[in-house]
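Trainee: what would the 3D arrangement of this be:
(4 chains)
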Number of protein chains: 2
Amino acid sequence: MKQISTRFSIAVHILSLIAVSSNCTGDFIAGSVNTNPVVIRRIMGMLKKAGLLDVRAGVGGAFLLKSPEQITLLDIYRAVNVTKEDQLFRIHDDSNVQCPVGRNIEWVLQSELKEAQSAMEQRLAQTTLSQLTARFK
Amino acid sequence: MKQISTRFSIAVHILSLIAVSSNCTGDFIAGSVNTNPVVIRRIMGMLKKAGLLDVRAGVGGAFLLKSPEQITLLDIYRAVNVTKEDQLFRIHDDSNVQCPVGRNIEWVLQSELKEAQSAMEQRLAQTTLSQLTARFK
DNA sequence: GTTCGTGTAACTATAATGGTTACAACGGTG
DNA sequence: CACCGTTGTAACCATTATAGTTACACGAAC
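Mentor: Reported below is the predicted structural model:
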């Protein structure tokens, strides 16, 4: 990865729209995001699986399952599966155990990078959907 | 990106080896990392361009240009170019400006995600190479 | 039963990753 | 000077992720 997928930013966009006006259809959201409706439906499927929203079958239109105050950017980030196994950093895992560095690098980095990842995630957890929608006036 | 490239963790491995024993050759490092020497040379080229190490041409062997106390994980992270234009998060950038959400989402997310990225980077900046090598006993 | 919206499958083009072979250039050593 | 190990790149490849597209079955209201 050069960058974290736009699935995350689009997911925030989707939830913001629904928070502002309930019962948006996927096609309407696709118009605001300016992309293909299938892309929106796929992401909405992930948000649905994460328990953040639900969709009225047949008739269409989505609504939040939690209030915007209770949805954080971290919830959304986790929902759209932008990192593999929740590990932001990939660490090479076949080092030569004969070497003192090779023998220890993996777990040393594992613990160190977990801290950095956690710092980011905790910052995401501080921002709620309602804080964002307040800025869309 | 599903994950940040192993270039970063391999770069830390490389610099750790050089910090422990100066004048490592690329091939020796490749043996410790357990990968192809060209992969190592490519990453060493980036570290060289970033001013972290230099290599004795012809004879071979690398040495640090800064002391391990002065090299942070953030320096290494930046050196290996694992994110595009130093933006960890990619944000969809073609939203419909007719929509109040679409009109504002980009810069609102830009500023918010910059904070999260920064939180991670500042955590990386707190760890030095010397702190890591101390754990390779 | 028509119609609009949803949920998926399948396919595509593009890009990043990580490994590989090949080879020119460099600089001590014999 | 010739040799030889090392470095620096170029070129190529398989694999994976992304993001878009078409197609179509299904649901529910009208």
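Trainee: A:Val80 against A:Val12, yeah?
Mentor: No - at 9.3 Å, A:Val80 does not count as touching A:Val12 under the criterion of C-beta atoms under 8 Å. For the C-beta atoms, the positions are set from N, CA and C on the backbone; glycine is no exception.
Trainee: higher neighbour count, these two?
Mentor: A:Val12 (26 against 22; other C-beta atoms under 10 Å in any protein chain shown).
Trainee: backbone dihedrals for that one, please?
Mentor: Note on A:Val12: backbone dihedrals following degrees, to the nearest 10 are phi -60, psi -40.
Trainee: next, count neighbours for A:Ser21.
Mentor: Other residues near A:Ser21 number 10, with proximity taken as other C-beta under 10 Å.
Trainee: that one and A:Gln126, how far apart?
Mentor: 26 Å (C-beta to C-beta, to the nearest Å).
Trainee: tell me which element A:Gly102 is part of?
Mentor: helix A:100-125 (DSSP states H and E).
Trainee: by how many degrees do that helix and helix B:100-125 diverge?
Mentor: 150 degrees (axes from the mean of the first three to the mean of the last three C-alpha atoms, to 10 degrees).
Trainee: which other helices and strands does helix A:100-125 contact?
Mentor: Helices and strands touching helix A:100-125, as assessed by 3 or more C-beta pairs under 8 Å, 6 or more residues apart in numbering or on different chains; DSSP states H and E, comprise helix A:73-79, helix B:6-20, helix B:26-33, helix B:100-125, helix B:129-133.
Trainee: does A:Ala57 sit in a helix, a strand or a coil?
Mentor: Under the three-state scheme (DSSP: H, G, I helix; E, B strand; the rest coil), A:Ala57 adopts coil.
Trainee: just give me the neighbour total for it.
Mentor: What A:Ala57 shows, counting by other C-beta under 10 Å, is a neighbour count of 6.
Trainee: need the pLDDT of A:Lys137.
Mentor: Confidence at A:Lys137, expressed as pLDDT, is 67.
Trainee: number of residues surrounding A:Thr6?
Mentor: A:Thr6 has 20 neighbouring residues, counting by other C-beta under 10 Å.
Trainee: what residue lies at the spatial centre of chain A?
Mentor: Closest to where the C-alpha atoms of chain A average out (C-alpha atoms, centre = their mean) is A:Tyr77, at 2.0 Å.
Trainee: under the pLDDT cut-off, which ranges of chain A? List them.
Mentor: Using pLDDT under 70 as the threshold, the predicted model of chain A has low-confidence ranges A:137.
Trainee: tell me the residue furthest from the middle of chain A?
Mentor: The C-alpha centroid of chain A is most remote from A:Gln98, which lies 39.8 Å away (C-alpha atoms, centre = their mean).
Trainee: state the distance from that residue to B:Ala19.
Mentor: 19 Å.
Trainee: then A:Ile76?
Mentor: As judged by C-beta to C-beta, A:Ile76 and B:Ala19 stand 40 Å apart.
Trainee: which of the two has more residues huddled nearby?
Mentor: A:Ile76 (26 against 22).
Trainee: wait, the more buried one sits on A:Ile14?
Mentor: No - between A:Ile76 and A:Ile14 there is no contact, the gap being 9.1 Å when judged by C-beta under 8 Å.
Trainee: could you name every residue contacting both of these two?
Mentor: Taking C-beta atoms under 8 Å, 6 or more residues apart in numbering or on different chains as the contact rule, the neighbours common to A:Ile76 and A:Ile14 are A:Leu47.
Trainee: just the element for whatever residue of chain A ends up closest to DNA strand C, please.
Mentor: When C-beta to the nearest atom of the strand is the measure, chain A has its nearest residue to DNA strand C at A:Gly60, with 2.4 Å between them. A:Gly60 is located outside every helix and strand, with elements delineated by DSSP H and E.
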